[in-house]
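Undergrad: Below are the sequence and a predicted model; questions follow.
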Amino acid sequence: MDAIIYPYQKVDETNFIKVPTSKSLAHRSIISASLANGKSIISNVNLSDDIIATINAVKNLGANINIINNNLEIIGRSNKILDSLSFSCNESGSTLRFMIPICSLFSLNTKIYGTPKLLSRPLSIYQDIFKDNLKIYENYLEVKPCLKGNHYSILGNVSSQFITGLLFSLPLLPTSSSIEIIPPLESGSYLELTLDVLNKFGINIERKSQYLFYIPGMQQYKPCNYIVEGDYSQAAFFYVFGLFNQELTIQGLNNNSLQGDKAIEKILKQMNGRIDDLTHTVYPSKLKNVEISLEDCPDLGPILMVASAHANGQTTFYNIERLRLKESDRILSMQQELQKFNISFCVYPDKVIITGKDEIKTNEVIDCHNDHRICMAMAIMATISANPVKLTGVECINKSYPTFFTDLRKLGVKVELI
């Protein structure tokens, strides 16, 4: 499916938007509820493709899930060990990396399917831990039991998702464990989300230092009624839309959120964006160049690159390498697409430098690279183009935000889906 995005024209339309709820927190709470002995209610869940992948995974594991609108009634699985288990993660990296160690506890043989792109993403940390008990094939991987209480040393600059997967699983073992993170630790805020959700479901993780966790064994997940808060990573697209186009209030966000992508407010304010971070109201602003580290918020990379493309001067991005390991190589994808708008996008071994400009226009077709965040970022870019912009392959937004174009239309943007 393709979309034509027309230049934004100021009209008397809605000046607020309610963003979807956090995909990161939904994954974690659904898995925790599925491991609990009893019934939990997970409220305010947006059923994107990634979240549906996690729901299907835990249902195959033995959890009973009843979906009522955007609420999930979950009765956790029993402790029965399955002879075999199989399910698909589709393209969800979180589902894959969270479920591998969990499945090793509850199934004698597990086959986890996924797209070739998903299975090509790094799994080396689990390969080192599981060794011959984790085998990776073209369209699935096979996991067998082998996880034991132990001291695990894990690189912190690959993905925090591996650490989260172990934090889900190790408390259920009969003996205690510890995890030592080898610095640097990137995306550490996601571990804060994990620890907070685990605590709410009765799991105790002792954090001895920034890089050391002690995990007592013989623990049990307890049922919990959990409300998923709004997603700052999705709000980021509308923050930039508002800075470019119109006053806009973003609803559904938690002012005290632990989400690392809450950094979007601070970064955009440093870029001279006018933002009230109490009401989450953003006002049209002329942005300026800054230096931005993506170490703890790599998912903000594409939309911040769009913001920098319409800012004065040269914006420099550091800690960029993890952007290459997402649904697409997001550095290459953004370089290719922003250059179609004649934006200077220079890539160096340790940084990206983007030179912004006032006049935004392209006569070329924009490729979404089968990457939901590339698609949404370039759609926001298109709203300030001097001419309509065609985006190809926009169905990739279903991975995280199926109603994105509907919400853009609510704000007065003309979108044709073809």
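TA: Received the coordinates, thanks. Being a predicted model, the structure only gives us computed values, none of them experimental. Numbers count the residues shown, from 1 in each chain.
Undergrad: Could you report the neighbour count for Ser153?
TA: Ser153 has 11 neighbours, counted by other C-beta atoms under 10 Å. Glycine gets a C-beta too; all of them are placed from N, C-alpha and C.
Undergrad: Three-state assignment for it, please.
TA: strand (DSSP: H, G, I helix; E, B strand; the rest coil).
Undergrad: Not counting its neighbours along the chain, what's nearest it?
TA: Nearest residue to Ser153, sequence neighbours excluded (C-beta to C-beta, 6 or more residues apart in numbering): Glu180, at 4.8 Å.
Undergrad: just checking, the one you found touches Leu212?
TA: Yes. Taking contacts as C-beta atoms under 8 Å, Glu180 lies within contact range of Leu212: 5.4 Å.
Undergrad: For Phe341, list the residues it contacts.
TA: Residues near Phe341 by C-beta atoms under 8 Å, 6 or more residues apart in numbering: Ala309, Ile360, Lys361, Thr362, Met381, Ser385.
Undergrad: contacting residues for the fourth one?
TA: Okay, so that is Thr362. Contact analysis of Thr362 by C-beta under 8 Å, 6+ apart lists Lys340, Phe341, Asn342, Ser385, Asn387, Val389.
Undergrad: CA atoms only: put the lowest-mean-pLDDT helix or strand in the chain into PDB for me.
TA: Taking mean pLDDT, DSSP states H and E as the measure, the chain has helix 116-119 as its least confident helix or strand, at a mean of 89. Provided in PDB are the C-alpha atoms of helix 116-119 (Å, rounded to 0.1, in the frame of the first residue of the first chain):
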ATOM      1  CA  PRO A 116      14.300 -13.600   7.700                       C
ATOM      2  CA  LYS A 117      15.000 -10.000   8.600                       C
ATOM      3  CA  LEU A 118      14.000 -10.600  12.200                       C
ATOM      4  CA  LEU A 119      16.100 -13.800  12.500                       C
END
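Undergrad: now the strands for the stretch 151-300 of the chain?
TA: 151-155, 177-182, 206-209, 212-215, 225-227, 248-251, 274-276, 281-283, 291-293 (DSSP state E, counting those that start in this stretch).
Undergrad: Break the protein into its domains for me.
TA: Structural domains of the chain, as assigned by automatic domain parsing, span the residue ranges 2-20+230-417, 23-227.
Undergrad: Tell me the span between the first and last residue of the shortest one.
TA: The distance separating the two terminal residues of domain 23-227, taken as C-alpha to C-alpha, to the nearest Å, comes to 12 Å.
Undergrad: now swap in stretch 295-315 and tell me
TA: 16 Å.
Undergrad: gap between it and the chain center?
TA: Chain-centre distance of stretch 295-315: 17 Å, with C-alpha atoms, centre = their mean, to the nearest Å.
Undergrad: quick one: the residue lying closest to Glu247 once chain neighbours are set aside from Met305, how far?
TA: Once flanking residues are discounted, Glu247 sits nearest to Tyr283: 5.2 Å by C-beta to C-beta, 6+ apart. As defined by C-beta to C-beta, to the nearest Å, Tyr283 lies at a distance of 22 Å from Met305.
Undergrad: for Ile181, same thing?
TA: Distance from Ile181 to Met305, by C-beta to C-beta: 28 Å.
Undergrad: one step back: which secondary structure elements does the least confident helix or strand of the chain sit against?
TA: Under the contact criterion of 3 or more C-beta pairs under 8 Å, 6 or more residues apart in numbering; DSSP states H and E, helix 116-119 touches helix 93-106.
Undergrad: which of the residues in the helix it packs on are buried?
TA: By 16 or more other C-beta atoms under 10 Å, the buried positions in helix 93-106 come out as 93-106.
Undergrad: Tell me the first helix or strand C-terminal of the least confident helix or strand of the chain.
TA: Following helix 116-119 in sequence order, the next helix or strand is helix 124-130 (DSSP states H and E).
Undergrad: which residues are in contact with that next one?
TA: With C-beta under 8 Å, 6+ apart as the test, helix 124-130 has contacts from 97, 100-101, 104, 134, 136, 143-144, 146-147, 152, 154-155, 158-159, 162, 165.
Undergrad: Grab the nearest non-local neighbour of Gly62.
TA: Distance criterion C-beta to C-beta, 6+ apart; nearest residue to Gly62, sequence neighbours excluded, is Arg77 at 3.4 Å.
Undergrad: give me the low-pLDDT residue ranges for the stretch 1-150 of the chain?
TA: For the stretch 1-150 of the chain, residues meeting the criterion pLDDT under 70 lie at 11-13.
Undergrad: Secondary structure added to the contacts of Phe341, as TSV?
TA: Shown next, in TSV, are these (three-state DSSP):
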residue	secondary structure
Ala309	helix
Ile360	coil
Lys361	coil
Thr362	coil
Met381	helix
Ser385	coil
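Undergrad: can you redo those residues as a markdown table with distance to Ser189 and pLDDT?
TA: Shown next, in a markdown table, are the contacts of Phe341 (distance: C-beta to C-beta, whole Å; pLDDT from 0 to 100):
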| residue | distance to Ser189 | pLDDT |
| --- | --- | --- |
| Ala309 | 26 | 97 |
| Ile360 | 32 | 94 |
| Lys361 | 37 | 93 |
| Thr362 | 34 | 95 |
| Met381 | 26 | 98 |
| Ser385 | 33 | 96 |
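Undergrad: mind saving the C-alpha coords of stretch 26-40 as CSV?
TA: Below are the C-alpha coordinates for stretch 26-40, written out as CSV (Å, rounded to 0.1, in the frame of the first residue of the first chain):
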residue,chain,number,x,y,z
ALA,A,26,2.5,-3.7,26.9
HIS,A,27,5.0,-6.5,26.0
ARG,A,28,6.4,-6.6,29.5
SER,A,29,3.0,-6.6,31.3
ILE,A,30,1.4,-9.2,29.1
ILE,A,31,4.3,-11.6,29.5
SER,A,32,4.4,-11.0,33.3
ALA,A,33,0.6,-11.6,33.6
SER,A,34,1.0,-14.8,31.5
LEU,A,35,3.5,-16.1,34.0
ALA,A,36,1.4,-15.3,37.1
ASN,A,37,-0.7,-17.8,39.0
GLY,A,38,-4.2,-16.2,38.6
LYS,A,39,-6.0,-13.5,36.7
SER,A,40,-4.6,-10.2,35.7
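Undergrad: Much appreciated, bye for now.
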